[in-house]
Each structure stands twice: as C-alpha cells, then as structure tokens.
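[1] Kindly generate the corresponding structure for this input.
(one chain, ligands or ions: 1)
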Amino acid sequence: MKSIAVIGASLSGLSAARALRAQGFEGELNIVGAERNRPYDRPPLSKEYLAGDVDETSLTLEPEGEDLQANWMLGLSATNLDAGTRSVTLSDGSQLTADGFVLATGSRARAWPDTEHLAGVHVLRTIDDADRLRADLKPGARLVVIGAGFIGAEVASTARKLGLDVTVVEAAPSPLIGPLGPQLGTAVARLHGGNGTTLHCGVGVAGLTGGDRVTGVDLADGRHLPADVVVVGIGGIPNTEWLAGSGIELGNGVLCDRGGTTSIPGVVAVGDCAAWMDTAGVHRRVEHWTGASERPAIAVSSLLSGEYQGQQVKPPYFWSDQYGSRIQFAGIAGPDTEFTIEEGSLEAGSFLAVYRRDGQPVAVLGVDQVRLFTRWRRQLCALPAPL
Ligand SMILES: Cc1cc2nc3c(=O)[nH]c(=O)nc-3n(C[C@H](O)[C@H](O)[C@H](O)COP(=O)(O)OP(=O)(O)OC[C@H]3O[C@@H](n4cnc5c(N)ncnc54)[C@H](O)[C@@H]3O)c2cc1C
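    Purely as a prediction, here's the structure:
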C-alpha cells in the first residue's frame with residue numbers, strides 16, 4: 001500500500017498511525033479528525049480534569065517530539081466513503097483518496113431528546129463538553145445524573161467532591177447490571193450512598209422541566225427531582241452514519257472480523273466505532289480505553305498483510321475511579337456466569353470477584369484490589385478461548 005487514511009484523530013486513530021509506522025509502513029499517511037484538537041485523553045474528562053485538578057496540557061496523548069510523518073487534517077469530518085474509487089469525501093467538499101483506510105471515528109454521547117436549547121443539561125464526551133459542565137458544577141448546586149453507568153457514576157463522584165448535592169437516577173433495577181450483573185453492580189453502587197449521593201434505581205425519567213434553563217427531572221413514577229444541573233449519561237452511539245451507502249456492513253458499530261477487517265477489503269475499523277467478532281462469534285463493540293489503544297496494532301497488521309494474522313485479542317478491560325476507589329473489570333460476564341469473592345468482602349467495599357462459566361474463569365472484577373486484579377487479568381489473557 002502506498003497511501004493510508006485514518007479517519008478519526010483520537011486514541012484509536014493515533015494508535016493506528018503509530019502501529020502503521022512501527023510495522024514498517026512508509027507511505028503517505030493522512031489523519032482526518034472532526035475535532036480541532038490534537039489527540040487528547042478522555043478518561044480524565046469525568047475525573048481529574050472535571051474536578052479542576054489537572055489542566056488541558058496534561059490530556060495530550062502525544063509525547064513531545066513524536067513525529068509520525070503524517071498529514072493531520074483536523075476540524076474536518078468524513079461524510080462519505082466510496083469503496084469503488086477508494087475515496088472519502090470531507091466536510092469541506094474535498095476528496096481524499098487512499099489505498100487503505102482505518103476507521104476510528106469513535107462514538108458520541110447519547111443526548112436526552114429535545115433538550116438542545118435547555119441550559120444546564122449536559123452530556124460528556126469532549127473537552128468542550130467537560131468545560132461547559134465544569135462551569136455549571138458550583139458548590140451547593142443540585143445535580144441530577146441520568147444513568148448510573150461508569151461516566152454517570154464518575155461525574156457524580158467528582159461533583160460530590162466539588163460540593164454539589166447529587167442524585168443519580170437509573171432505570172434498571174440496579175446499576176451496571178450489563179457488565180457486572182445485578183449483585184456486584186449493587187455492591188459497586190454502594191459507593192454512591194457511602195459518599196452522600198442519592199441513588200434511585202428501577203425508575204425511568206419521564207422528562208426534564210424548565211424554560212430556558214433546566215429546573216428539574218420528572219420521574220416515570222410521578223416524583224419530581226429539582227435540579228440546577230442535569231448530566232445525561234445514557235451511553236454512546238457509534239459515529240458510523242457517514243458510512244451508510246458505502247457497502248460496509250454496519251450493526252452496533254462497524255462490523256469486523258477477529259482482526260478488525262470490515263466487509264470491504266483494505267478497510268479496517270478500531271476503537272469505539274468498531275464491533276469486532278469475538279471468539280464466541282459475536283460482534284461486540286468495546287468502548288474502553290485499553291482496547292482503543294491496543295487493538296489498532298492488530299487491525300493495522302491485517303490491513304498491511306491483507307488478512308488477520310491470528311493474534312490473540314485480549315479480553316475487554318476497563319477501569320473506573322469513583323469516590324477514591326479504583327474499579328477494574330476484565331472479560332465478559334453474563335447471566336450464565338457465577339461469581340465467587342476471592343478476596344475482601346462486598347460489605348467492606350473492597351473485593352475481588354471472579355466470574356466463571358462451566359468452572360472456567362471468564363471475567364474478573366476488582367474494587368481497590370489492583371495487584372490481585374492484575375494477576376487474575378493476566379490469567380484470563382492466557383486462557384485459550386475465554387469468551
Ligand atoms: C468522559 C469519559 C471518561 C472515560 N473514562 C474511561 C475510563 O476510566 N476507563 C476506560 O477504559 N475508558 C474510559 N473512557 C472510554 C475511552 O475514552 C474511549 O474508549 C476512547 O476514547 C475511544 O477512543 P476512539 O479513538 O475509538 O474514539 P473517540 O475517543 O471517540 O475519538 C473518535 C474521534 O473521531 C472523530 N470523528 C467522529 N466522526 C468523524 C468523522 N466522520 N470524520 C472524522 N473524524 C470523526 C471524533 O470527533 C473523535 O475525535 C472514557 C470516555 C469518556 C468520554
């Protein structure tokens with residue numbers, strides 16, 4: 001290949017560009033990014049950066065002096081991919097042609113419908129979102145967080161630290177049921193109560209109230225929660241609409257084989273926009289930092305060689321920092337898995353749980369158990385087909 005275009009200039013796009021150079025690609029490399037910023041780290045946006053503990057410079061993902069010999073095209077979105085002519089149309093109307101493409105357009109936060117013009121209602125995905133939210137997090141203000149997933153929980157934790165009165169509303173019977181299961185989700189969610197955050201589970205949101213500015217949240221059971229600020233943390237939507245009509249198979253994300261190749265040869269997808277097939281034959285979109293950083297090396301190898309080289313893809317892994325506790329999870333748990341507590345206790349709030357399917361460990365959850373967690377995670381990675 002003589003030229004490659006990376007579409008999306010954040011963690012997974014940057015990781016792909018690095019991998020291309022590391023794997024010997026010496027051709028023309030264009031990196032297109034919708035945001036004007038150079039690649040920056042998102043995890044601190046709900047943690048240290050939102051709290052005001054670190055500034056923007058600490059978010060950079062590029063070490064000083066790194067030069068990938070790439071042409072950065074920032075502030076431009078790809079609007080169409082024509083697989084036949086191997087070209088991408090950009091938002092300024094220009095065309096970018098390349099022999100190979102890496103799709104790394106990530107995901108965006110799902111907004112609450114019809115609230116664009118209601119001040120005080122926020123989502124959190126970009127540095128601009130974090131700046132806007134930070135300006136509203138005034139001590140004593142009443143914050144309602146919709147959704148007790150990881151980002152909602154981290155915002156709640158940071159807001160408590162900043163002295164806000166915080167309530168979290170979760171439609172499911174307990175938080176984090178999806179990744180952790182009900183019992184351990186509840187155990188992790190106990191952190192909220194222990195740190196002065198009110199948590200309402202099993203109740204949906206009927207709507208938001210207010211004129212120019214939000215004044216509260218109406219719950220489906222008729223209750224009303226007054227609010228000065230609302231954060232909507234109800235998940236992400238993959239940025240794949242621009243690929244409609246390209247012939248690339250889309251589902252919940254860009255559908256890829258086990259090495260990141262899409263249904264069109266010479267086009268791979270990585271990071272939050274991509275749904276790679278796992279060893280169980282399921283397309284799974286993984287929205288975590290480590291996957292966005294590690295998997296591009298595999299995808300790039302598929303792209304340069306023309307096929308998946310059989311590398312082992314590590315089980316999904318994420319961490320989350322809430323109320324001073326470090327939560328780590330690796331693998332995939334499901335309704336058919338059972339867990340045992342290997343260390344600590346749910347009551348004590350620090351524990352390590354191992355999920356097993358047919359006696360085989362398939363996932364591990366640690367709360368303030370960093371060393372033990374790392375050991376177990378390594379074991380999961382060493383298993384032949386854990387998922
Ligand atoms: C607030 C927050 C906290 C997080 N905390 C954690 C954590 O603690 N632990 C963890 O494991 N993970 C965490 N994550 C998840 C992690 O940051 C993501 O998995 C990671 O950013 C994914 O990288 P990505 O490059 O695939 O996508 P993104 O970071 O979403 O980047 C995609 C880029 O592509 C651009 N783009 C979109 N469409 C186009 C287009 N058509 N043309 C050109 N460019 C386009 C976007 O503007 C964006 O810049 C967090 C995420 C957020 C938002």
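[2] Residue in the stretch 151-300 of the chain with the shortest distance to the ligand?
    Going by Cβ to the nearest ligand atom, the ligand is nearest to G271 of the stretch 151-300 of the chain, at 2.1 Å. Where you see a C-beta, it was placed from the backbone N, CA and C, and this is true even at glycine.
[3] oh, I was asking about the stretch 101-250 of the chain
    The minimum distance from the stretch 101-250 of the chain to the ligand, using Cβ to the nearest ligand atom, falls at G106 (2.2 Å).
[4] Let me know the secondary structure of D129.
    With DSSP: H, G, I helix; E, B strand; the rest coil as the basis, D129 sits in helix.
[5] what residues are up against it?
    If you count contacts by Cβ atoms under 8 Å, 6 or more residues apart in numbering, D129 has them with L45, A109, H122, V123.
[6] one more time with 10 Å
    Listed by Cβ atoms under 10 Å, 6 or more residues apart in numbering, the contact set of D129 reads R42, L45, S46, L50, R108, A109, H122, V123, V231.
[7] Same question for I234.
    Applying Cβ under 10 Å, 6+ apart, we find I234 in contact with 109-112, 123, 146-147, 149, 151-152, 170-171, 205.
[8] How much space separates it from R108?
    Spatial separation of I234 from R108 under the definition Cβ to Cβ, to the nearest Å is 12 Å.
[9] Find residues that contact each of these two.
    Residues touching both I234 and R108 (Cβ under 10 Å, 6+ apart) are V123.
[10] List, one by one, the residues from the chain near the ligand.
    Within the chain, the positions adjacent to the ligand are 7-13, 32-35, 42-43, 45-46, 77-78, 104-107, 124-125, 151, 239, 242, 271-272, 287-290, 292, 318-320 by Cβ under 6 Å from any ligand atom.
[11] change it to 5 Å
    The chain comes close to the ligand at residues 8, 10-12, 32-35, 42-43, 45-46, 77-78, 105-106, 124-125, 239, 242, 271-272, 287-289, 292, 318, 320, as judged by Cβ under 5 Å from any ligand atom.
[12] Now R258. Nearest residue, chain neighbours left out?
    M277 (5.1 Å; Cβ to Cβ, 6 or more residues apart in numbering).
[13] Tell me who's in contact with that neighbour.
    Listed by Cβ under 10 Å, 6+ apart, the contact set of M277 reads L255, C256, D257, R258, G259, G260, H283, R284, Y308, V313.
[14] And it, how far from F101?
    As defined by Cβ to Cβ, M277 lies at a distance of 19 Å from F101.
[15] and the residue nearest the centre of the chain, what pLDDT?
    Note on the chain: the residue nearest the mean C-alpha position is E287, at 3.5 Å, using Cα atoms, centre = their mean. On pLDDT, E287 comes in at 95.
[16] ok now do it, which residues does it touch?
    Listed by Cβ under 10 Å, 6+ apart, the contact partners of E287 are 106-107, 150, 235-236, 238, 253, 271-274, 316, 318.
[17] Next: P175.
    By Cβ under 10 Å, 6+ apart, the contact set of P175 is 147-150, 152-153, 168, 182, 185-186, 188-192, 199, 201.
[18] what's the nearest residue to it if we skip its chain neighbours?
    P175 sits nearest to A148 (Cβ to Cβ, 6+ apart), 3.6 Å away.
[19] Hmm, that neighbour is touching A156, no?
    Yes: contact status for A148 versus A156: in contact at 8.0 Å, counting by Cβ atoms under 10 Å.
[20] burial count for D212?
    9 (other Cβ atoms under 10 Å).
[21] Now do it against A119, distance only.
    D212 is 6 Å from A119, by Cβ to Cβ.
[22] Same check on A111?
    Distance of A111 to A119, computed by Cβ to Cβ: 14 Å.
[23] swap in V168?
    Applying Cβ to Cβ, the value for V168 to A119 is 21 Å.
[24] Show me which of the two is the more surrounded one.
    V168 (25 against 14).
[25] Verify the contact between the more buried one and G196 for me.
    No: counting by Cβ under 10 Å, V168 sits too far from G196 to count as a contact (11.6 Å).
[26] For those two, list the residues in contact with both.
    Common neighbours of V168 and G196 (Cβ under 10 Å, 6+ apart) are A156.
[27] that older thread, you'd agree the residue of the stretch 151-300 of the chain closest to the ligand is up against C256?
    No: the pair G271 and C256 fails to qualify as a contact (Cβ under 10 Å) at a distance of 11.1 Å.
[28] So for the two, which residue has more residues nearby?
    G271 (34 against 27).
[29] May I see the buried residues of stretch 96-113?
    Of the residues in stretch 96-113, 96, 98, 100-109, 112 count as buried by neighbour count, 16 or more other Cβ atoms under 10 Å.
[30] Show me which pair in the contacts of D129 is furthest apart.
    Greatest spatial distance among the contacts of D129 (Cβ to Cβ): L50 and R108, at 18.0 Å.
[31] the helices in the stretch 151-300 of the chain, which residues?
    Ranges of helices in the stretch 151-300 of the chain, per DSSP state H, counting those that start in this stretch, are 177-180, 182-194, 289-305.
[32] The closest residue in space to S293 that isn't next to it in sequence: helix or strand, and which one exactly?
    Nearest residue to S293, sequence neighbours excluded (Cβ to Cβ, 6+ apart): S15, at 5.1 Å. For S15, the element it lies in under DSSP states H and E is helix 11-22.
[33] Can you name every helix or strand that that helix contacts?
    Applying 3 or more Cβ pairs under 10 Å, 6 or more residues apart in numbering; DSSP states H and E, we find helix 11-22 packed against strand 3-7, strand 28-33, strand 100-103, strand 267-269, helix 289-305.
[34] Deepest-packed of those, please.
    Of the helices and strands packed on helix 11-22, the one with the most neighbours on average (mean count of other Cβ atoms under 10 Å) is strand 267-269, at a mean of 30.
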